[in-house]
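Asks: Below are the sequence and a predicted model for it; my questions follow.
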Amino acid sequence: KGVSETEKIKASEDSKISAKSSPISGGLIQKLWPKRKIKVSAWWGVIRVKQKTGGIQATRPPAGHGAQQPLEHHPRRSLLGLAKPAPFRDIHRQVLWAKPPGTCNNHQDGPRRPGRIRGLPSGVLSSSSYRRRTLQGRTSAGISRPPHQGKGSLLPPAIEGAHQTPPFHAHPHQIRRRVSSRVQRTGPSILQARQSFGQSRFTGGGKGSDGQSIAKRVFAVGRRCQQEEQHVRISRKSHAKGKKGDSYRSQLRHWRADGISLGKDGLSHLDYCTDRRPTQKGGLDMLILNHIGYTYFNYFDGDVDHVRDLLEINVLSYATMTVAALPMLKKSSGNVVVVSSVAGKVATPLTVPYSTTKFALDGFFSSLRMEFKQQNTNVSITLCVISYIDTDSAVNTVAGVIQQPAAPKEECAFEIIKGGALRQREVYYQYQATKIPLLLRDWAPEFLEYIMLKNYDVTKLKPQQ
Ligand SMILES: NC(=O)C1=CN([C@@H]2O[C@H](COP(=O)(O)OP(=O)(O)OC[C@H]3O[C@@H](n4cnc5c(N)ncnc54)[C@H](OP(=O)(O)O)[C@@H]3O)[C@@H](O)[C@H]2O)C=CC1
Ligand SMILES: CC(C)CCC[C@@H](C)[C@H]1CC[C@H]2[C@@H]3C(=O)C=C4C[C@@H](O)CC[C@]4(C)[C@H]3CC[C@]12C
């Protein structure tokens, strides 16, 4: 009897301790486990049981489990959203969302989600192989290694050069694969409005303009596609006894990157699209509209005829060419790339005729894009909003008046083509130089005007002719 009394006293002492440390759950646990020397405390909804004797801290195991569990993995902690992210997820997110310095980001048409980049097939980036590759590619300093540029690469040097600073936060391999696979599917054919007379060259290029860079990129992409097609064809043939190889070969035959000569009026060679139909069988994957007529960079001189002429070259020819190419574009679910400017989205001084035409492009093509959606026409339209680029013509025209540094035309051309191949709504290059004015346009227009005017040194303006 005496022994049982001392036990009772001990038990009551224990229950006092428990009740003190945990008024809510202590009594209940003490009832459930009356004979065990335990200290109970409630913390963040997780019941923690401290063994008094050993002094070892352990999470209370779910019924039937005696093993000690780290707190992060406790199911209730996860439910509360308090679980630490698994380390691979953390790194994966960093890799996907990190923007390499000095690069642009054109994901304007939807929120970013880890493991999914718009325009790329959903499986690609979240696949374990990609995850493994990105993890392997990380150095101990936590910075991605430059992507593979080894001997086995099928890419020509022109494209390889662009890897130095990947202009996209996805892995460059993914972008290249996407660009090439889109072009591959129907037998690649890219049509660029050639910017001058002559059938055999991308002129305008001779003047070091954007057009030349685009042409180079187009041909580089085309060449690579050709190599990849052959590679696929040979391997397919050996497996599928030529049947699929034939279709690839026939696609290959229809591959070509071509240019259109527009003539001085910007319209006279349009029959090229309709009559000669260079890629009729395979359709047309991409129509890049890039040319512009000459204009001045100065105060508006009151010449409305010049505005009319410029509208003809910069807008109406674009519309006419799009209409002419549409049957081919529809055939291969192609893409129209319209090269516009930040001066076609926000008001800029000294560019009245030019801005008129570029704003008109936005009106025409953005409206057309909506109609295509209504009509289920699978032709995408990419409007490129471009900041100041270091083409000879722009640098000569603007010289000294604008403080802002010009962006490289090669990178610009790459972004234009990439945006088209990924079927983006709009391309912003350079991202900050275009996106910030665009945001300010609606929210703080006066502030934007103030910055803009500060950026101009009108004392450096060339005298008007
Ligand atoms: N450079 C910049 O800072 C910026 C440029 N952009 C846009 O980028 C695109 C390219 O600009 P950029 O390379 O600087 O321009 P360029 O002035 O260097 O090139 C324009 C080209 O258009 C051609 N062209 C002129 N008139 C006609 C015509 N009537 N018919 C057909 N082609 C014609 C010219 O051909 P030819 O050589 O035979 O005369 C020239 O090659 C344009 O759409 C421009 O609006 C946008 C933002 C900034
Ligand atoms: C937020 C602001 C500081 C941004 C200002 C950007 C200004 C300076 C940039 C953005 C777009 C640029 C023009 C352009 O698109 C194309 C051409 C045609 C070319 O033949 C002659 C030069 C010209 C007029 C560029 C002049 C400079 C502009 C207005």
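Replies: All right, it came through fine. Numbering: from 1, shown residues only. Ligands and ions are numbered 1, 2, ... in the order given.
Asks: check whether stretch 421-437 contacts ligand 1.
Replies: No. Applying C-beta under 6 Å from any ligand atom, one finds stretch 421-437 separated from ligand 1 by no less than 8.8 Å. Quick note: C-beta positions are derived from backbone N, CA and C, even for glycine.
Asks: Now do the contacts for T295.
Replies: T295 makes contact with 306, 310, 351, 353-354, according to C-beta atoms under 8 Å, 6 or more residues apart in numbering.
Asks: Mind picking the two most distant members of these?
Replies: Using C-beta to C-beta, the two most remote members of those are H306 and T351, lying 12.4 Å apart.
Asks: These two: which has the busier surroundings?
Replies: When H306 and T351 are compared for neighbours, T351 comes out ahead with 21 against 17, by other C-beta atoms under 10 Å.
Asks: so that one makes contact with F297?
Replies: Yes. T351 lies in contact with F297 (C-beta atoms under 8 Å); the separation is 6.6 Å.
Asks: on that earlier part again, so which of the contacts of T295 are also by ligand 2?
Replies: Contacts with ligand 2 within the contacts of T295, as defined by C-beta under 6 Å from any ligand atom: 351, 354.
Asks: out of the contacts of T295, which are inside strands?
Replies: Using DSSP state E, no member of the contacts of T295 falls in strands.
Asks: quick one: which of the contacts of T295 is nearest V398?
Replies: Among the contacts of T295, and counting by C-beta to C-beta, the member closest to V398 is T351, at 9.9 Å.
Asks: Spatially nearest residue to that closest one (excluding sequence neighbours)?
Replies: A343 (5.0 Å; C-beta to C-beta, 6 or more residues apart in numbering).
Asks: what's near enough to touch the one you found?
Replies: A343 touches 351, 354-355, 358, counting by C-beta under 8 Å, 6+ apart.
Asks: got a winner among those for most neighbours?
Replies: K358 (26 neighbours).
Asks: what helix or strand is it on?
Replies: helix 352-374 (DSSP states H and E).
Asks: what's the answer for V385, then?
Replies: strand 380-386.
Asks: cool, and A324?
Replies: Counting by DSSP H and E, A324 is part of helix 317-331.
Asks: mind giving me the domain ranges of this protein?
Replies: According to automatic domain parsing, the chain comprises the domains 2-79, 187-460.
Asks: what's the burial count for Y388?
Replies: With other C-beta under 10 Å as criterion, Y388 counts 19.
Asks: should've said E446
Replies: Per other C-beta under 10 Å, the neighbour tally for E446 reads 8.
Asks: Check the spacing between it and R308 real quick.
Replies: Distance, E446 to R308, using C-beta to C-beta, to the nearest Å: 31 Å.
Asks: same thing with L448?
Replies: For L448, the distance to R308 - C-beta to C-beta - is 29 Å.
Asks: Compare those two (neighbour count), which wins?
Replies: L448 (19 against 12).
Asks: Could you tell me which residues make contact with that one?
Replies: 346, 437, 440-441.
Asks: Show me what counts as buried in the helix or strand encompassing it.
Replies: In this assignment (DSSP H and E), L448 forms part of helix 445-454. Buried residues in helix 445-454, defined by neighbour count with 16 or more other C-beta atoms under 10 Å: L448.
Asks: average pLDDT across that helix?
Replies: Average pLDDT, helix 445-454: 96.
Asks: same thing with stretch 321-335?
Replies: 88.
Asks: and it, anywhere near ligand 1?
Replies: No. Judged by C-beta under 6 Å from any ligand atom, stretch 321-335 stays clear of ligand 1, getting no closer than 10.6 Å.
Asks: and if you look at stretch 400-407?
Replies: No. For stretch 400-407, no contact with ligand 1 is found by C-beta under 6 Å from any ligand atom; the gap never falls below 6.5 Å.
Asks: Next, the buried residues of that stretch.
Replies: Neighbour-count burial for stretch 400-407 [16+ other C-beta under 10 Å]: 401-402, 406-407.
Asks: which one of those residues is nearest ligand 2?
Replies: Among the buried residues of stretch 400-407, I402 lies closest to ligand 2 (C-beta to the nearest ligand atom), at 4.5 Å.
Asks: Which pLDDT does the model give that closest one?
Replies: As predicted, I402 sits at a pLDDT of 93.
Asks: name the element N298 belongs to?
Replies: Secondary structure from DSSP H and E places N298 outside every helix and strand.
Asks: That one - how many residues pack around it?
Replies: 18.
Asks: Provide a list of residues in contact with it.
Replies: Contacts of N298 by C-beta under 8 Å, 6+ apart are 350, 461-462, 464.
Asks: Assign the closest residue in space to it that isn't next to it in sequence to one of the three secondary structure states.
Replies: Nearest residue to N298, sequence neighbours excluded (C-beta to C-beta, 6+ apart): Q464, at 5.2 Å. Here Q464 is recorded as coil under DSSP: H, G, I helix; E, B strand; the rest coil.
Asks: ok, Q464 - contacts?
Replies: Taking C-beta under 8 Å, 6+ apart, one finds 296, 298-299, 301 in contact with Q464.
Asks: quick one: pLDDT of it?
Replies: So, for Q464, pLDDT stands at 82.
Asks: Of the contacts of N298, which is the most crowded?
Replies: Counting neighbours by other C-beta under 10 Å, L350 comes out on top of the contacts of N298 with 19 neighbours.
Asks: Close to ligand 2: what parts of the stretch 351-465 of the chain are there?
Replies: So the stretch 351-465 of the chain meets ligand 2 at 351, 354, 387-388, 393-394, 397-398, 402, 404, 437, 451-452, 455 (C-beta under 6 Å from any ligand atom).
Asks: For stretch 439-447, measure first residue to last.
Replies: By C-alpha to C-alpha, to the nearest Å, the extent of stretch 439-447 from end to end equals 11 Å.
Asks: which residues make contact with it from outside it?
Replies: 345-346, 448, 451.
Asks: give me the number of residues near the spatially closest residue to G293 that is not a sequence neighbour?
Replies: Spatially, and ignoring its direct neighbours in sequence, G293 is nearest to I313 (3.6 Å; C-beta to C-beta, 6+ apart). With neighbours defined by other C-beta under 10 Å, the count for I313 comes to 20.
Asks: Please tell me how far I313 sits from Y354.
Replies: Taken as C-beta to C-beta, the span from I313 to Y354 is 11 Å.
Asks: Now the common contact residues for these two.
Replies: I292.
Asks: For the residue of the stretch 301-450 of the chain found nearest ligand 2, grab the count of nearby residues.
Replies: Among all residues of the stretch 301-450 of the chain, S341 sits closest to ligand 2, at 3.2 Å; criterion: C-beta to the nearest ligand atom. Neighbour count of S341, defined by other C-beta under 10 Å: 24.
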